[in-house]
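Participant: A structural model of the following input is requested.
(one chain, ligands or ions: 1)
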Amino acid sequence: MAKPDSFFLTTPIFYVNDAPHIGHAYTEVAADVLARWHRQAGDDTWFLTGTDEHGQKILRTATANGVEPKEWADRLVESSWKPLLNTINISNDDFIRTTEPRHEAGVAKFLQKLYDDGHVYAGEFEALYCVGCEEFKPKSEIVDGTGEFEGQKVCAIHSKPLELLQEKNYFFKMSAFQDRLLALYEERPDFVQPASARNEVVAFVQQGLEDLSISRTSFDWGIPIPWDDAHVTYVWFDALLNYVTATGYGANDEEFARRWPGTHIVGKDILRFHAVIWPAMLMAAGLEVPDHVFAHGWLLVGGEKMSKSKLTGIAPNEITDTFGADAFRYYFMRAISFGHDGSFSWEDLAARYQAELANGFGNLASRVLAMNAKYFEGRVPEPGEELAADAAIRELAASAATRADAHIEAFAIHESIAAVWELVDALNGYITEQEPWVLAKDPAQRDRLARVLYTTTEGLRALAVLLSPVLPEATAKLWFALGAKETLGALSAQPIREAGVWGKLVPGTTQHSLAVLFPRIETEAKE
Ligand code: MSP
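Facilitator: Predicted structure coming up:
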């Protein structure tokens, strides 16, 4: 048997200075849907997420709260970041913290190699730093402050004053990799996606790359530079390495060879780190660059990036407590084009929940199973002859499944769901046209009734598989009710790329009653 394709997928690792909001959860869910899809396709999938715990931002927050940074990080990881994964049903295979020994050892090893190979030198530096971004800002992101920051230079992303830092640092000779990076973007146009992100990166590198300051001396919350412990490692240099320290770099060659290179899902604010600095670091170390870097857009509030520091953050459980994790996942993946910015609104969420999940998919499933119960003693019907209308559904299932998979390969999650939803809508239309409740009144139409309900039940089988990456809870309930487990095995064992192949449900199989998939929501209107 051929070896399954390796698919290593990552989220950014999250700063632990504060609790997560729905912008962070958005990144997690998108990556989770991709990981679940690939896992369900039989790819050798490994899905990594974690936390970014060093640097000035965390140190300052911890100090302001009167605790040591490690204690602060422990507290936030246990009380907020790990629980987030349950709140939105994330299926990560690993969770890395940058304060773990496996990471710190890997970073030290990587740095030492770059130093030994002549990619690092000592120098003086003076520049404007944003602690929010943890970055010396390029000119394009330095703007004049307004209001209380009038007369000061502020960060274009955080709108907070920049700090002038002057230090003796170690530098990574990143400028030496400019041509190789440009060649990479040229040779592999899908390395950075979407195209708008690629263009931005190419333009940035074409302007000329500077060397990168990779150490700090004014505080000590970080990984010591192995040859000079007066310095700690620059937090981004440390953080980016999580993708390889979590997969065995320098410690487990077999594991590393199996997983690396990976694919990174990142927000567009941190694209440059992943598409410029990170591949340059890997080239310097003689390692392969990532397969892909995909930059998604921002969740906006009032036209600006949602953020806790601007007091626009919404906690994920404010949504899941009312609508559930499945609806959270569905809404953000369906309503926003992956790769573009999008706005969240309670009205849109509630409307889609009702129209698409409850009335569209949930109602379809409950009607079909109820009719099987009523007319076929709760069993999968033995289908009669296939007519044109039935064949159209069968063909649509095959094409929707194929297109959905192609869209996932292209990171177009919203289009993948839209393709699958064509089948939801078509099945609802088919039931309305075929009127099985009318057929049921005429004993001469028994075979026709069986064919209509077999077609819709098979449609539900395909939908359960195709929607399982987005709606893991609802599809698990549906799979149970279909009775499919007894003949086809667990839902997780169904190959998603074959979900559109017809005729898998075995006639005569006993079905079970279906738990309500999307209960009616009684809420006072939220804003
Ligand atoms: N620690 C760095 C990443 C290091 S990766 C080696 C970091 N952390 S973060 O917590 O600030 O952000 C993590 C992710 O959340 C980023 O991809 C960021 O784009 C995403 N989001 C934060 N706010 C967001 C929105 N309002 N909308 C969408 N995603 C947003 O950056």
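Participant: you'd agree K173 is up against D211?
Facilitator: Yes: applying Cβ atoms under 8 Å as the test, K173 and D211 come out as touching, 5.5 Å apart. Any C-beta I mention is one placed from the backbone N, CA and C, and that applies to glycine too.
Participant: contacting residues for the residue in the stretch 351-500 of the chain positioned nearest to the ligand?
Facilitator: Closest residue of the stretch 351-500 of the chain to the ligand, Cβ to the nearest ligand atom: I413 (14.0 Å). Residues near I413 by Cβ atoms under 8 Å, 6 or more residues apart in numbering: A30, V33, L34, M333, F338, H407.
Participant: Which of those residues has the largest number of neighbours?
Facilitator: Counting neighbours by other Cβ atoms under 10 Å, F338 comes out on top of the contacts of I413 with 26 neighbours.
Participant: For D211, see how far away it is.
Facilitator: The gap separating F338 from D211 is 34 Å, by Cβ to Cβ, to the nearest Å.
Participant: which residues touch the one residue in the stretch 151-300 of the chain that gets nearest to the ligand?
Facilitator: The minimum distance from the stretch 151-300 of the chain to the ligand, using Cβ to the nearest ligand atom, falls at G267 (1.6 Å). Listed by Cβ under 8 Å, 6+ apart, the contact set of G267 reads P12, G23, T27, A295, H296, G297, W298.
Participant: ok, and which of those residues reach the ligand?
Facilitator: Contacts with the ligand within the contacts of G267, counted by Cβ under 6 Å from any ligand atom: P12, G23, T27, W298.
Participant: Serialize those residues to JSON lines and add fields for secondary structure and neighbour count.
Facilitator: Output for the ones next to the ligand among the contacts of G267, formatted as JSON lines (DSSP: H, G, I helix; E, B strand; the rest coil; neighbours: other Cβ atoms under 10 Å):
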{"residue": "P12", "secondary structure": "strand", "neighbour count": "24"}
{"residue": "G23", "secondary structure": "helix", "neighbour count": "22"}
{"residue": "T27", "secondary structure": "helix", "neighbour count": "20"}
{"residue": "W298", "secondary structure": "coil", "neighbour count": "19"}
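Participant: Show me what from the stretch 201-350 of the chain comes close to the ligand.
Facilitator: So the stretch 201-350 of the chain meets the ligand at A239, L240, N242, V266, G267, D269, I270, W298, L299, K305, M306, S307 (Cβ under 6 Å from any ligand atom).
Participant: among those residues, which are in helices?
Facilitator: A239, L240, N242 (DSSP state H).
Participant: Can I get those residues in a markdown table including neighbour count?
Facilitator: As requested, those are arranged in a markdown table below (neighbours: other Cβ atoms under 10 Å):
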| residue | neighbour count |
| --- | --- |
| A239 | 26 |
| L240 | 24 |
| N242 | 26 |
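Participant: ok, the residues you listed vs V368, which is closest?
Facilitator: Nearest to V368 out of those is N242 (Cβ to Cβ; 45.5 Å).
Participant: doesn't D94 make contact with the closest one?
Facilitator: No: contact between N242 and D94 fails when scored by Cβ under 8 Å: they sit 10.0 Å apart.
Participant: and for the two, which residues touch both?
Facilitator: Common neighbours of N242 and D94 (Cβ under 8 Å, 6+ apart) are L48, G50.
Participant: what residues are up against the closest residue in space to P519 that isn't next to it in sequence?
Facilitator: Ranked by Cβ to Cβ, 6 or more residues apart in numbering and with sequence neighbours excluded, the top spatial neighbour of P519 is A358, at 7.9 Å. A358 makes contacts with L517, F518, P519, R520, as judged by Cβ under 8 Å, 6+ apart.
Participant: Format these as a markdown table; extra columns: neighbour count, pLDDT and secondary structure.
Facilitator: Converted to a markdown table, the contacts of A358 look like this (neighbours: other Cβ atoms under 10 Å; pLDDT from 0 to 100; DSSP: H, G, I helix; E, B strand; the rest coil):
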| residue | neighbour count | pLDDT | secondary structure |
| --- | --- | --- | --- |
| L517 | 22 | 98 | coil |
| F518 | 24 | 98 | coil |
| P519 | 11 | 96 | coil |
| R520 | 8 | 91 | coil |
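Participant: from these, which single one is nearest the ligand?
Facilitator: Nearest to the ligand out of the contacts of A358 is F518 (Cβ to the nearest ligand atom; 25.2 Å).
Participant: any idea how far that closest one lies from D425?
Facilitator: Going from F518 to D425 by Cβ to Cβ gives 16 Å.
Participant: Please enumerate the strands of the stretch 101-250 of the chain.
Facilitator: Secondary structure of the stretch 101-250 of the chain (DSSP state E, counting those that start in this stretch): strands located at 120-130, 135-136, 142-144, 153-155, 163-172, 192-193, 212-213, 215-216, 224-225, 228-233.
Participant: Return the distance of the fourth one from the chain's centre.
Facilitator: Spelled out, it's strand 153-155. Here the centre of strand 153-155 is set off from its chain's centre by 30 Å, with Cα atoms, centre = their mean, to the nearest Å.
Participant: which helices and strands does it pack with?
Facilitator: Contact partners of strand 153-155 among helices and strands, from 3 or more Cβ pairs under 8 Å, 6 or more residues apart in numbering; DSSP states H and E: strand 142-144.
Participant: List the contacts of the strand it packs on.
Facilitator: L128, Q152, K153, V154, C155, A156, L162.
Participant: check contacts around the fourth one.
Facilitator: Residues in contact with V154 (Cβ under 8 Å, 6+ apart) are I142, V143, D144, G145, K160, P161, L162.
Participant: Quick check: the farthest pair among those?
Facilitator: Taking Cβ to Cβ, the two most distant members of those are D144 and K160; they sit 13.1 Å apart.
Participant: can you tell if stretch 77-87 touches the ligand?
Facilitator: No: Stretch 77-87 lies out of reach of the ligand by Cβ under 6 Å from any ligand atom, never closer than 9.5 Å.
Participant: contact partners of that stretch?
Facilitator: Under the contact criterion Cβ under 8 Å, 6+ apart, stretch 77-87 has outside partners 14, 16, 19-20, 24-25, 28, 49, 51, 53, 90, 92, 95, 97, 316-317, 320, 325.
Participant: looking at it, G302 is touching F344, isn't it?
Facilitator: No: applying Cβ under 8 Å as the test, G302 and F344 come out as separate, 11.1 Å apart.
Participant: List phi and psi for the residue of the chain most remote from its centre.
Facilitator: In terms of distance from the mean C-alpha position of the chain, A444 ranks first, at 51.5 Å (Cα atoms, centre = their mean). When quoted as degrees, to the nearest 10, the phi and psi of A444 stand at phi -70, psi -20.
Participant: Next, the contact list for P261, please.
Facilitator: Counting by Cβ under 8 Å, 6+ apart, P261 makes contact with F8, E288, V289, P290, D291.
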